[in-house]
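**Student:** Quick one, structure for this:
(chains A and B)
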Amino acid sequence: MSDTHEHSVAFVRTQAVPAAPPPFQATGPVKWVRENLFANIPNAILTLLSFYAIYVVLSATLPWMLNGIWNTQSLAECREILQGATGACFSVLVERWNQLLFGFTYPAEIYWRPTLAFVLLFLAAAPVLFFDLPRKLLVFTALYPFIAYYLIWGGTVWTPVFALLGVVGGFLVYVRFVRNSFAAGFFGGIAAAFVIWWIAGFIVPMLAWENPVLAAVPSRDMGGFMLNMMLGVVCVSLSLPIGIALALGRQSSMPLIKIICVVFIEFVRGVPLITLLFVASVVLAYFFPPDATIDLILRVIIMITMFSSAYIAEVIRGGLAALPKGQYEAADSLGLDYPQAMRLIILPQALKISIPGIVNVAVGLFKDTTLVSVISMFDLVGMIRGPILASTEWNGVYWELFMFAALLFFIVCYGISQYSQWLERRLATDHR
Amino acid sequence: MRKTVLFGALTVAGLAASAAAAGTLDDVKARGKLNCGVTTGLAGFAAPDANGEWNGFDVDVCRAVAAAVLGDPKAVEFVPTTGKTRFTALASGEIDMLARNTTWTFSRDVDLKFDFVGVNYYDGQGFLVPKELGVTSAKELDGATVCIQTGTTTELNLADFFRANNISYEPVPIETNAEGQQQYLAGACDTYTTDASGLAATRATFEDPSAHALLPEIISKEPLGPLVRHGDNEWGDLVRWTLNALIAAEEYGVTSTNIAELSAGTNNPEINRLLGTEGNLGEMLGLSADWAKNAIMAGGNYGEIFAKNIGEATPIGLARGLNAQWTNGGLLYSPPFR
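**Tutor:** Numbering: from 1, shown residues only, chains lettered A, B, ... in the order given. Sure thing, here's the model as predicted:
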């Protein structure tokens, strides 16, 4: 059979025909456009409408942006140059950028200090955020709060040193006692830290030099985006552990702890943040003698941390509730005690489930830090609404300033959101 | 206006005031700085400039008091306060005096336990209209839409005025001055009403201020002045007479330029007593003899402060009006220095 076949055909192609190029409509950008933009008639109509909408937005904003003026001394000068043409007056950003970023009373010659603290923040946060990095970097993370405090506030170096000593002392006591009982270690550690701080309260003034290496800056002088960043970073990082503790406490079988946690969470969640801020700035002043008040920023940090930890506690409780009961029973059957079960089995899973919720609270919290402008602290929005819009030069510039503020907040919030999505993908171990 | 107050907190304020009040003058001297409450920013009255230096009409009152007490107009810690935090800040002792264009009213003076030491600006509620509306009097505003800040006494004044004149209006409630400015420019309302000084400052920021006019009617009394806590009369006297010294200096023609010459001694005994070359007025206040001279040199006399911050040569462009000396038909009248 094969033989006959071999001779029945006059010509047999021995090589493949070279591939012809695909038809013009089925390749490259044309194909993409046809498939994605003009696949059918409704799609085409929607595409055209979208183009029109984009055109309208851009034709209104682009001339305004591109025609922007960057180098005048006041809004009136901007208007003089523009002569009625549309154009932004970005000069306000050029003249007041330092006030927008650092507040108007932070000394200009030491802007490098908060800037350095900001750069170091990335170094300190990296090992926490990206757990592939070497674990030894965590030492720097642990030191970072004290370094940042020293850089931003300045003053005598002994304040952060003794604060660090207190934490180290507390930790050592905790390690010593935790073998016998968690409660003894925990409360013993806290007590030891407070004892060290109390003693430091007497020693530090003696050790302080007349002229510290880094000039002290009072809290009242902090402002601008720096204040938002400080409040946001400190409150998010404090409220996460407190929130976890509250969430676990709320599920505790010990009635006293459970009641304390439930009352705290429900009370703090039931009160608007702005009320807590007013309490911090106004009412607390009555509880202290006029010359011995607690630092205003500290009061605000306490209030915002309380507020967000109550929310994070509820988010994490959601994660705990989502775990099947079998996980708890499995931990018990392995003979793990409560801290081990939580640390090794329950929390890793519950926290993974809670990531979107936690990030949601963190982003919301970061934006809520602008609320401090109502208690006359000059954060970014407070700077814009107060001093800058009230100056005779810039009264009437709204879009430029608020767009700048929106841009800064967007960069940070988008960064947080992108990180959380990366984290979710990284931790995705289930089969979807 | 600006009556929104945390009444609950203020009850506590009354209790705490007496505790925090004693010996403010000694506290200030010991501290070496005057804690002065100002606004978080109001064009012409108090706002920090590009270098972070506070400037403005109310700010200069603080500087004058600091100069009188401490001899240094820079020895002021400006504590920015909002409409909601100002009274508690004063009552709790966080600030020594408040110079934050606050209207002197009965309840603030009596019930909130403060002492208004005088008036540094006589304001009143006015109306801003676009010229193309063709209105020349507030009484022609029948049926107009009015932008009005909610929760303020301006709202009540407005209702009273329209009812008394038997005409109707449609309120457009707004929250802040900046919002009012935008709403008015966007045409959401025919007229915008608030304190006349605020309207003038607002109009000055418009692209074309000449297209808008302030109506002649002023429908309320808003005497703005510095205030101190109840219970420390020595300190109250000191702030009161520092303000009076600024006003009297203008009346007697004492300015920051000729004060050095005049303080060498003149043949006007009133000026001599004011500047401390005669009598012992400073000693009575517990201050040095040249206290008033220092206060006047800080920013000039009342007229100079007015002209520099909000006068007709500035973008705010306010005329003296009621704030002229009594000799020029205004209301400024300092009791004698004797």
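**Student:** The residue in the stretch 151-300 of chain B positioned nearest to chain A - nearest residue in space that isn't next to it in sequence?
**Tutor:** With CB to the nearest CB, the shortest gap between the stretch 151-300 of chain B and chain A falls at B:Thr205, namely 3.6 Å. The way it works is simple: take the backbone N, C-alpha and C, and place the C-beta from them, glycine included. Of all residues not flanking B:Thr205 in the chain, A:Gly396 sits nearest, at 3.6 Å (CB to CB, 6 or more residues apart in numbering or on different chains).
**Student:** doesn't A:Ser74 make contact with that neighbour?
**Tutor:** No. Counting by CB atoms under 8 Å, A:Ser74 is not a contact partner of A:Gly396; they are 10.1 Å apart.
**Student:** measure the closest residue to B:Phe116 other than its chain neighbours to chain A for me?
**Tutor:** The spatial neighbour of B:Phe116 that comes closest, neighbours along the chain excluded (CB to CB, 6+ apart), is B:Trp104 at 4.3 Å. B:Trp104 sits 22 Å away from chain A, going by CB to the nearest CB, to the nearest Å.
**Student:** pLDDT at B:Trp104, what is it?
**Tutor:** pLDDT for B:Trp104: 90.
**Student:** Quick check: it vs A:Tyr286, distance?
**Tutor:** For B:Trp104, the distance to A:Tyr286 (CB to CB, to the nearest Å) stands at 25 Å.
**Student:** check contacts around the residue of the stretch 151-300 of chain B closest to chain A.
**Tutor:** A:75, A:395-396, B:43, B:181, B:315 (CB atoms under 8 Å, 6 or more residues apart in numbering or on different chains).
**Student:** Let me see the backbone angles for it.
**Tutor:** B:Thr205 adopts backbone torsions of phi -90, psi -10, taken as degrees, to the nearest 10.
**Student:** what's the neighbour count on the residue of chain A found nearest chain B?
**Tutor:** Evaluated by CB to the nearest CB, chain A has A:Ala390 as its residue closest to chain B, separated by 2.9 Å. Neighbour count for A:Ala390, taken as other CB atoms under 10 Å in any protein chain shown: 23.
**Student:** What is the neighbour count of the residue nearest to it when sequence neighbours are not counted?
**Tutor:** Closest residue to A:Ala390 apart from its sequence neighbours, by CB to CB, 6+ apart: B:Gly41 at 2.9 Å. Using other CB under 10 Å, B:Gly41 is surrounded by 25 other residues.
**Student:** As a check, name the ranges of all helices in the stretch 51-200 of chain B.
**Tutor:** Secondary structure of the stretch 51-200 of chain B (DSSP state H, counting those that start in this stretch): helices at B:57-70, B:86-91, B:106-110, B:153-164, B:177-185, B:196-204.
**Student:** Next SSE downstream of the last one?
**Tutor:** If I follow you right, that is helix B:196-204. Later in the chain than helix B:196-204, the nearest helix or strand by DSSP states H and E is strand B:212-214.
**Student:** so how far is that next one from its chain's centroid?
**Tutor:** 23 Å (CA atoms, centre = their mean, to the nearest Å).
**Student:** who's in contact with it?
**Tutor:** B:126-131, B:196, B:199-200, B:203, B:206.
**Student:** Write the PyMOL selection for whichever of the residues you listed are buried.
**Tutor:** Those of the contacts of strand B:212-214 that count as buried under 16 or more other CB atoms under 10 Å in any protein chain shown are selected in PyMOL with:
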select buried, chain B and resi 126+127+128+129+130+196+199+200+203+206
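**Student:** Just name the closest of the contacts of strand B:212-214 to A:Gly270, please.
**Tutor:** Within the contacts of strand B:212-214, proximity to A:Gly270 (CB to CB) peaks at B:Leu199, which comes in at 41.1 Å.
**Student:** So for the top helix by length along chain B, mean pLDDT?
**Tutor:** If you go by DSSP state H, chain B has its longest helix at helix B:233-251. Helix B:233-251 shows an average pLDDT of 94 in the prediction.
**Student:** and the following helix or strand past that helix, what does it pack onto?
**Tutor:** Counting by DSSP H and E, the element after helix B:233-251 in chain order, helix or strand, is helix B:259-262. The contact analysis (3 or more CB pairs under 8 Å, 6 or more residues apart in numbering or on different chains; DSSP states H and E) places helix B:259-262 against helix B:269-275, helix B:291-299.
**Student:** just those helices: most buried one?
**Tutor:** The highest mean neighbour count among those, using mean count of other CB atoms under 10 Å in any protein chain shown, belongs to helix B:291-299: a mean of 26.
**Student:** so how far is that one off the chain centroid?
**Tutor:** Centroid separation for helix B:291-299 versus its chain: 18 Å, with CA atoms, centre = their mean.
**Student:** now do stretch A:28-42
**Tutor:** Between the centre of stretch A:28-42 and the centre of its chain there are 40 Å (CA atoms, centre = their mean).
**Student:** ok, now stretch A:227-244?
**Tutor:** Stretch A:227-244 sits 8 Å away from the centroid of its parent chain (CA atoms, centre = their mean).
**Student:** again with stretch A:34-46
**Tutor:** On CA atoms, centre = their mean, the centre of stretch A:34-46 falls 40 Å from that of its chain.
**Student:** For it, measure first residue to last.
**Tutor:** End-to-end span of stretch A:34-46 (CA to CA, to the nearest Å): 13 Å.
**Student:** Same question for stretch B:310-326.
**Tutor:** With CA to CA, one end of stretch B:310-326 sits 20 Å from the other.
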